[in-house]
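Participant: Just to be clear, the model below is a prediction. Sequence and coordinates:
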Amino acid sequence: MTISSRRDILLGTFSAAAGLTASSSLAGALPRAVGFRGPKSEDWFDISLAQWSLHRALRGGLDNLDFARVAREDYGVSGLEYVNSFFKPEAGNFKYLAKMKKAASDQGVKSLLIMVDGEGALADEDATKRRKAVDNHFKWLAAAAYLGCHSIRVNAAGGGDRDEAERRAAESLVHLAEIATPYGLNVIVENHGGLSSDGSWLSAVMRRANHPRVGTLPDFGNFNLGGGKSYDRYKGVKELMPFAKAVSAKTHDFDEQGNETHTDYLAMMRIVKDAGYRGFVGIEYEGGGLSEKEGILATRRLLERVRGELQD
C-alpha cells in the first residue's frame, strides 16, 4: 500500500467519524499544535501529566475517561499525555474518542500526545513485520488527530546490526511522518530500552530521518542499555534535545528536601532550557516509595521549583 493510499484511508476514516464532507480538507479541519504550549502561560515550560503515572490506579479501577478530570482537579496540570494501553480496544471507536475529547475540553486541558506501545518493532529485521508495525500505528495517528494531539510517541525497537537498525528505524519513522504531516501530527521517539536508550544511536536515527515531523521525547530516566549497563542520562538528554517535541520528567525517589535522588533536576532542566525548548514537560512518576498521588505532587513541586530557579 502506498503512502498516498494510507493517507486517503486515514482521511476517509476521520471524515466519516467527524461528519466531514467528502471535499473537506482534514488538514484544515484539525487543530494544529502551535508550539505545543498552553496559550496563557508566562513560564518557560508548562506542566503536563503522563498517564503512566497513574498506571496502578488505572489498572485498579480508575476509568480512562476520568483521566482528564483527575489530572486537572487533583494535580492542576494543563496537558494530557495518554498511553494507548489504557484504551487500546477503542482506538478506532470515534464515539469513545469523542468522550475523551469532551472530557479534556470540559476540564480546559490540552490533549498533547498518545504514547503507543505494543504495536510492533519499527526497526525489525524482518521487512514484513516492520511494514506490519508501521501499519499498526496507523489507527493511532487517526486517534491522535481526532483528539487534537500534536504527536504520537513510538518505539524504535529492533535488533541486529547497529547501523542497519538505524537505517530501518529512520525509514519507518519517515514513512509514518509522511502520512502524519498533512494532519499536523509528529512522530516522536522516546529513549525506551535497547538501542533507543543509547543517545548517540537515537540522535543518529534523527539525523538520518531528517524530517521536520520526526522527533524525540527525551525521558530523564530511560537509559538502561541492558546487561547492567546504562547510558549517561545527562549526555543522552543533551543529544536528544535538539530533536525534542516533548519532554518526560521521570521520577522515582525523593530526598527530604524534595529532590529526585537519581537525577539532578536543576542540571537536567538547564540542559532542556539551553536547547531552546519551550513547551510542556510531562510528569512521569514511576516510583514505589510514595503513592502515585504523592509521587506526582512531589514531581510537580520539584518542577515548579526548578522552573522558578531557571526562569529568565
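Facilitator: Good, I have the coordinates.
Participant: Let me see the ranges of the helices in this structure.
Facilitator: Residue ranges of the helices in the chain, as given by DSSP state H, are 3-18, 26-29, 55-59, 67-75, 94-107, 127-136, 138-147, 162-180, 199-209, 233-240, 265-274, 292-310.
Participant: Of all the ones you listed, which one comes closest to residue 84?
Facilitator: helix 138-147 (6.2 Å; Cβ to Cβ). Yep, even glycine has a C-beta here, placed from its N, CA and C like the rest.
Participant: and that closest one, what other elements does it pack with?
Facilitator: Helices and strands touching helix 138-147, by 3 or more Cβ pairs under 8 Å, 6 or more residues apart in numbering; DSSP states H and E, are helix 3-18, helix 94-107, strand 110-115, strand 151-154, helix 162-180.
Participant: Mean neighbour count and mean pLDDT for these - can I get that in CSV?
Facilitator: Formatted as CSV, the helices and strands packed on helix 138-147 follow (neighbours: other Cβ atoms under 10 Å; pLDDT from 0 to 100):
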stretch, mean neighbour count, mean pLDDT
helix 3-18, 16, 52
helix 94-107, 16, 98
strand 110-115, 27, 98
strand 151-154, 27, 98
helix 162-180, 21, 97
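Participant: coming back round to it: just send the helices of the chain back as JSON lines, with distance to residue 253 too.
Facilitator: As requested, the helices of the chain are exported to JSON lines (distance: least, Cβ to Cβ, whole Å):
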{"stretch": "helix 3-18", "distance to residue 253": "42"}
{"stretch": "helix 26-29", "distance to residue 253": "44"}
{"stretch": "helix 55-59", "distance to residue 253": "16"}
{"stretch": "helix 67-75", "distance to residue 253": "19"}
{"stretch": "helix 94-107", "distance to residue 253": "30"}
{"stretch": "helix 127-136", "distance to residue 253": "34"}
{"stretch": "helix 138-147", "distance to residue 253": "32"}
{"stretch": "helix 162-180", "distance to residue 253": "32"}
{"stretch": "helix 199-209", "distance to residue 253": "23"}
{"stretch": "helix 233-240", "distance to residue 253": "15"}
{"stretch": "helix 265-274", "distance to residue 253": "13"}
{"stretch": "helix 292-310", "distance to residue 253": "9"}
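Participant: of all those helices, which lies closest to residue 219?
Facilitator: Comparing the helices of the chain by Cβ to Cβ, helix 233-240 comes nearest, at 8.4 Å.
Participant: Residue 293 and residue 70 touch, don't they?
Facilitator: No: with contact defined as Cβ atoms under 8 Å, residue 293 does not count as touching residue 70 (9.4 Å).
Participant: out of these two, which sits in the more crowded spot?
Facilitator: Counting neighbours by other Cβ atoms under 10 Å for residue 293 and for residue 70 shows that residue 70 has the greater number, 20 against 15.
Participant: check contacts around that one.
Facilitator: Residues near residue 70 by Cβ atoms under 8 Å, 6 or more residues apart in numbering: 54, 62.
Participant: check contacts around the closest residue to residue 186 other than its chain neighbours.
Facilitator: Of all residues not flanking residue 186 in the chain, residue 151 sits nearest, at 4.0 Å (Cβ to Cβ, 6 or more residues apart in numbering). By Cβ under 8 Å, 6+ apart, the contact list for residue 151 reads 33, 112-114, 144, 185-188, 215, 217, 245-246.
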